[in-house]
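J.: next come a sequence and a model predicted from it.
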Amino acid sequence: MKRITQLMMAALLLVPLAACDEEGNLIIPVTGTISGTVSAGGGVSGVTVTLTGPTSTSTTTAAAGTFSFGSLPTGSYVVSISDIPAGLAFSTSSRAVTITDGNPNGTADFNGSVISSGVIVATVRAGCWCDGYPVRCFQRCWCHGRFGAGAFRGTAGR
């Protein structure tokens, strides 16, 4: 008898946990998936993607910028991105996704852009100049170069 009890207990452990409705029909819980891509002119790898909701976890985007969370119970989730590489900008860093019985697969794509950067090159001349030559400030000079509509005559540096 003890052996039969042990076998029955082992069998019960092997049966997946499920629920039944009022009529005794087995109800298997719906699980879903949330997946997406982080891109900015192409997939962005190494971005941390965090899922919060009935299940909370995080992952890192693959080489193509893709990510996926599986075996999720129904419910409302928020997908957030962080650790975004320098030089990229995203209009939003989080998206709401709902997993339902009728829609078990959700998508959360993040489309960013590359921030343009440039270099300004300028020559800054300290001191006073007359016809392209340095002069002591407030020294009187006659300049033949064009300054506006004609030649300059007066004191340099004013």
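T.: The structure has been received and is ready for your questions. Residues are numbered from 1 along each chain as shown.

J.: what strand or helix carries the closest residue to S94 other than its chain neighbours?
T.: Spatially, and ignoring its direct neighbours in sequence, S94 is nearest to S80 (4.2 Å; Cβ to Cβ, 6 or more residues apart in numbering). C-betas here are computed from N, CA, C, even on glycine. Using DSSP states H and E, S80 maps to strand 75-82.

J.: after that strand, which helix or strand is next?
T.: Next element after strand 75-82 (DSSP H and E): strand 88-90.

J.: what pairs with the strand holding S80, and is each one parallel or antiparallel?
T.: In its sheet, strand 75-82 lies beside strand 48-52 (antiparallel), strand 94-99 (antiparallel), with partners assigned from DSSP bridges.

J.: avg pLDDT for that strand?
T.: Averaging pLDDT along strand 75-82 yields 98.

J.: again, but for stretch 30-39
T.: Mean predicted confidence for stretch 30-39 is 94.

J.: quick one, helices of the chain?
T.: Using DSSP state H, the helices of the chain run over residues 2-14.

J.: in it, where is pLDDT below threshold?
T.: Across the chain, the ranges flagged by pLDDT under 70 are 1-21, 27-28, 117-158.

J.: let me see the domain layout of it.
T.: 2-114, 123-158 (automatic domain parsing).

J.: return the residues in contact with V97.
T.: For V97, the contacting residues are I34, S76, Y77, V78, V79, G106, T107, A108, by Cβ atoms under 8 Å, 6 or more residues apart in numbering.

J.: same deal with S82?
T.: V47, T48, T50, S93.

J.: among those, name the buried ones.
T.: V47, T50 (16 or more other Cβ atoms under 10 Å).

J.: separation between T74 and A63?
T.: 31 Å (Cβ to Cβ, to the nearest Å).

J.: now I81
T.: From I81 to A63 the distance is 16 Å (Cβ to Cβ).

J.: tell me which of those two has more neighbours.
T.: More neighbours surround I81 than the other of I81 and A63, with 22 against 9 (other Cβ atoms under 10 Å).
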